[in-house]
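Undergrad: Structure, please.
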Amino acid sequence: MGSSVVDDAETRAPMVDAGKHHRQIRLIANRLLSKRFESANDLWKLQVDLLKIQRDIQGAISEAKAESARNIDRKRLEELRDARWHARHFGDALAWLVLGQDRQLISSLSENSRVPISEDGDGSVGMLAMAEALSRQGWGFPILHDITDTLRIGDITFARPRQTPSHVTAEIKTQVIDTVPADPTGRKKKTYQSQVLTMVGIDPQTGEAIAELQVPPPPPPSPPRSRLERQAVRMREAVIKGSAGHGIITDTQEPILNMHVETAATDHWPVVRRLIREAHRTNFASQCVDKAFLYIVVYEEGGWSKETFADSRFLQDVKETEFLQNQNKDETSVVVHTIPRAKGTEAEIALPYFLFPISRRAVFEILNHELALVVLVNQGHICDALRASGMEIEVRPQVDGPGEIVIIDRFESPTGVPLVGEVHTMWHTIRDAVREFRSVPYLLDIVAGMVEGMREHASQIVPGNGSS
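TA: Numbering: from 1, shown residues only. Here you go, the predicted structure:
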């Protein structure tokens, strides 16, 4: 429990021009990319400023939608929504930075529906005050979930890189317990009381985790009925998944096989950087990489349009490279990925473009829709590479899809029982690799790790005798 006293001042009216919001995002992103902060407090202020920008954008969107259907400016509304997406994406970049790019942790905190931008009300005031207060008590450095699209469980995660545990997620519940009437200036004071819900308690005297709370408590009776119970279940699952080691996770609602895979495979960022430089000179650049990927970079000062992609060089490069020359023509299937991805409701567990190892100029050109990164994937070449590595695969029909690649592994259990295992996550693996310009050898290492993990834990996955 904690309490704080804050001023309840009026907020500034939302700005009208959508372009101003994009410029604000560029300015605040430049503070990070140019490393214009000297302390943790500067990084905290960056988050608070970003939250204000996001609320201004959301206010402008609400204002635009309030117009009658006949009077709504559709173009402006779309520009505002685009600004909101980029502002949230920059929040994701801050989260990746603060949380040490811990993909497992970030993924565990994303397994919920999208959370809207919070209002500047009592709950938010209490959350910000508690974030600062708990940080001073040794909880760690806070990342606000409200500024992100990806962190959807809890309100705050405290990063503690040199302590155990290395992170603590908390949900903050705030209520007003006293209000002082407004003074002649129109300002009033409120006293808040906040309750902190967390699976790992921190001793305010030492900053260390309280031993009896380091193991998440058992879940409430199923199914959880109240909103608080549902939140507790989600937080408990996130704590377990976010810190689990290699092996079967059985303390969650459904058993999960968690695997840590080491790979020495390189990525293709040097290629991407060269293509960006070339596109700056000629407006278009492409290269076929690992046969399976065709990287395309398009640049147009002032903003690209659909006509930009009508460039004849686009089709020429598709035809003249090895991209379409896979062994089994029945498996040829081309899928187009835009980087960053087109806007959607699913949380994206990939490095935000603000943190891409490219020039600051290129980052801001992505923000301004002047630079487009596109990856074409020919699934047929990936099938060829999997078979060449010794794996058995099938490509099964898929409604409105390129066909599902299924890895089939035939092996024996430690007791000699014949088993057949299947890996059905190839599409997600390919998608995640594409979003960070990973190589086909990287994909092969990940799949080999999945198969090895499945074999290693087969006795837990399939108890008893027989095949499965």
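
Undergrad: Strands of the protein, start to end?
TA: In the chain, the strands defined using DSSP state E lie at 2-8, 141-144, 156-159, 167-180, 188-198, 247-249, 256-258, 284-289, 293-299, 334-339, 371-378, 392-396, 404-412, 418-423.

Undergrad: Pick out the shakiest of the ones you listed, pLDDT-wise.
TA: Lowest mean pLDDT within the strands of the chain: strand 2-8, a mean of 44.

Undergrad: Out of the strands of the chain, the one nearest Asp432 is which?
TA: strand 334-339 (10.7 Å; C-beta to C-beta). No exception for glycine: its C-beta is placed from N, CA and C like everyone else's.

Undergrad: follow-up on the earlier one: output the strands of the chain in JSON lines; the columns should cover distance to Thr206 and mean neighbour count.
TA: Listed next are the strands of the chain as JSON lines, based on distance: least, C-beta to C-beta, whole Å; neighbours: other C-beta atoms under 10 Å:
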{"stretch": "strand 2-8", "distance to Thr206": "18", "mean neighbour count": "14"}
{"stretch": "strand 141-144", "distance to Thr206": "17", "mean neighbour count": "24"}
{"stretch": "strand 156-159", "distance to Thr206": "15", "mean neighbour count": "24"}
{"stretch": "strand 167-180", "distance to Thr206": "14", "mean neighbour count": "18"}
{"stretch": "strand 188-198", "distance to Thr206": "16", "mean neighbour count": "16"}
{"stretch": "strand 247-249", "distance to Thr206": "30", "mean neighbour count": "15"}
{"stretch": "strand 256-258", "distance to Thr206": "31", "mean neighbour count": "16"}
{"stretch": "strand 284-289", "distance to Thr206": "51", "mean neighbour count": "20"}
{"stretch": "strand 293-299", "distance to Thr206": "51", "mean neighbour count": "23"}
{"stretch": "strand 334-339", "distance to Thr206": "45", "mean neighbour count": "14"}
{"stretch": "strand 371-378", "distance to Thr206": "47", "mean neighbour count": "21"}
{"stretch": "strand 392-396", "distance to Thr206": "53", "mean neighbour count": "14"}
{"stretch": "strand 404-412", "distance to Thr206": "48", "mean neighbour count": "16"}
{"stretch": "strand 418-423", "distance to Thr206": "45", "mean neighbour count": "15"}
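
Undergrad: Would you mind giving those strands as JSON lines with distance to Glu111 added?
TA: Shown next, in JSON lines, are the strands of the chain (distance: least, C-beta to C-beta, whole Å):
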{"stretch": "strand 2-8", "distance to Glu111": "28"}
{"stretch": "strand 141-144", "distance to Glu111": "17"}
{"stretch": "strand 156-159", "distance to Glu111": "14"}
{"stretch": "strand 167-180", "distance to Glu111": "13"}
{"stretch": "strand 188-198", "distance to Glu111": "17"}
{"stretch": "strand 247-249", "distance to Glu111": "13"}
{"stretch": "strand 256-258", "distance to Glu111": "11"}
{"stretch": "strand 284-289", "distance to Glu111": "32"}
{"stretch": "strand 293-299", "distance to Glu111": "29"}
{"stretch": "strand 334-339", "distance to Glu111": "23"}
{"stretch": "strand 371-378", "distance to Glu111": "26"}
{"stretch": "strand 392-396", "distance to Glu111": "26"}
{"stretch": "strand 404-412", "distance to Glu111": "22"}
{"stretch": "strand 418-423", "distance to Glu111": "21"}
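
Undergrad: To Arg55, which of those lies closest?
TA: Nearest of those to Arg55, taken as C-beta to C-beta: strand 141-144 at 12.3 Å.

Undergrad: And that closest one, what does it pack against?
TA: When contacts are defined as 3 or more C-beta pairs under 8 Å, 6 or more residues apart in numbering; DSSP states H and E, strand 141-144 packs onto helix 40-65, helix 74-98, helix 122-136, strand 156-159.

Undergrad: Just want the angle from the longest one to helix 122-136.
TA: On the basis of axes from the mean of the first three to the mean of the last three C-alpha atoms, to 10 degrees, helix 40-65 is oriented at 170 degrees to helix 122-136.

Undergrad: From here on, call the first residue 35.
TA: Got it, the first residue is 35 from now on, which makes the last one we talked about helix 74-99.

Undergrad: In TSV: the helices and strands packed on strand 175-178, plus distance to Ala406.
TA: Putting the helices and strands packed on strand 175-178 into TSV (distance: least, C-beta to C-beta, whole Å) gives the following:
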stretch	distance to Ala406
helix 74-99	23
helix 108-132	14
helix 156-170	36
strand 190-193	33
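
Undergrad: how about stretch 419-437: buried residues?
TA: Residues of stretch 419-437 classed as buried under the neighbour-count rule (16 or more other C-beta atoms under 10 Å) are 419-420, 425, 427, 429, 436-437.

Undergrad: Okay, and which of the residues you listed map to helices?
TA: 419-420 (DSSP state H).

Undergrad: Could you identify the most distant pair in the buried residues of stretch 419-437?
TA: Going by C-beta to C-beta, the pair spanning the buried residues of stretch 419-437 furthest: Met425 and Pro436, at 18.3 Å.

Undergrad: sorry, back to before: for Val485, find the nearest of the strands of the chain.
TA: Minimum separation from Val485 across the strands of the chain (C-beta to C-beta) falls at strand 438-446, 5.0 Å.
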